[in-house]
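Enquirer: Let me see the structure of the following:
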Amino acid sequence: MSDEPLRIAHTYELTSAELAGIRALLDEAFEGDFSDEDWDHGLGGIHVLVHERGVLVAHGSVVQRRVLHRGRSLRIGYVEAVAVRADRRRQGHGGRVMEALERVVDRAYFFGALSASDDGAFLYASRGWRPWPGRIETLGPEGVVRLPGEEGSTYLRRASGRPLPDPAAALVFDWRDGDVL
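Expert: Just a heads-up that it's a prediction; the model follows:
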């Protein structure tokens, strides 16, 4: 694992070269299955970058989203664009990224959420993120729509001192283009 310091920055602080490097890492890590909408979802928040000898090997970001739950609009930290270069996986880089993102979630949001891939689910579960057992919905242009395909792959993290939502009521995420979650 690298001893180099993490680069933690808001999107506006990243250079064009850094943004291009992040996008290239994500395109490679997701084997071409990382869309322009996915890219957009990861922007506008806090980024964590891990370098080894000047080479970007891992990235993740947390962005603010709104979730309706039991009549309240909650400000949550949504983790996006977590990736580790294929030849640097299983060396603690993903954990370093998540540790930094979790500090942001714990201090700034009601709770954290993310949509876990099959490959990423073990990392998140090992760090205390738990699958949401309730309904997942979105408030879209046509009204509230259930997203059964996101149920079971949406993970939550309790922020410091705050309870997790009640699974008897749905989480209704804000709408966005591309994959909502």
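Enquirer: now the longest helix seen in the chain: how far from the chain's centre is it?
Expert: Selection of the longest helix in the chain by residue count, based on DSSP state H, yields helix 93-108. Relative to the chain's own centre, helix 93-108 is displaced by 10 Å; criterion: Cα atoms, centre = their mean, to the nearest Å.
Enquirer: hey, C-alpha coordinates of that helix in CSV?
Expert: The C-alpha atoms that make up helix 93-108 are tabulated as CSV, following Å, rounded to 0.1, in the frame of the first residue of the first chain:
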residue,chain,number,x,y,z
HIS,A,93,-6.2,1.4,-1.9
GLY,A,94,-10.0,1.0,-2.0
GLY,A,95,-10.1,1.0,1.8
ARG,A,96,-8.0,4.3,1.9
VAL,A,97,-10.4,5.9,-0.5
MET,A,98,-13.5,4.8,1.5
GLU,A,99,-12.0,5.8,4.9
ALA,A,100,-11.6,9.4,3.6
LEU,A,101,-15.0,9.4,2.0
GLU,A,102,-16.6,8.0,5.2
ARG,A,103,-15.1,10.9,7.2
VAL,A,104,-17.0,13.3,4.9
VAL,A,105,-20.2,11.3,5.2
ASP,A,106,-20.0,11.0,9.0
ARG,A,107,-19.4,14.7,9.5
ALA,A,108,-21.5,16.3,6.8
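Enquirer: Name the residues that touch the helix or strand following that helix?
Expert: For helix 93-108, the following helix or strand on the C-terminal side (DSSP states H and E) is strand 111-115. Residues outside strand 111-115 that contact it (Cβ atoms under 8 Å, 6 or more residues apart in numbering) are 62, 65, 67, 74, 76-80, 82, 101-102, 105-106, 124, 129, 132, 150, 153-159, 162, 164-165, 171, 179, 181. (C-beta placed from N, C-alpha, C; glycine too.)
Enquirer: so who does the most centrally placed residue in the chain touch?
Expert: Centroid check for the chain by Cα atoms, centre = their mean gives residue 79 as the closest residue, at 1.5 Å. Residues in contact with residue 79 (Cβ under 8 Å, 6+ apart) are 60-62, 98, 101, 105, 112-114.
Enquirer: at 10 Å instead, please
Expert: Contact analysis of residue 79 by Cβ atoms under 10 Å, 6 or more residues apart in numbering lists 42, 45, 60-63, 97-98, 101-102, 104-105, 112-116, 120, 124, 129, 155, 157.
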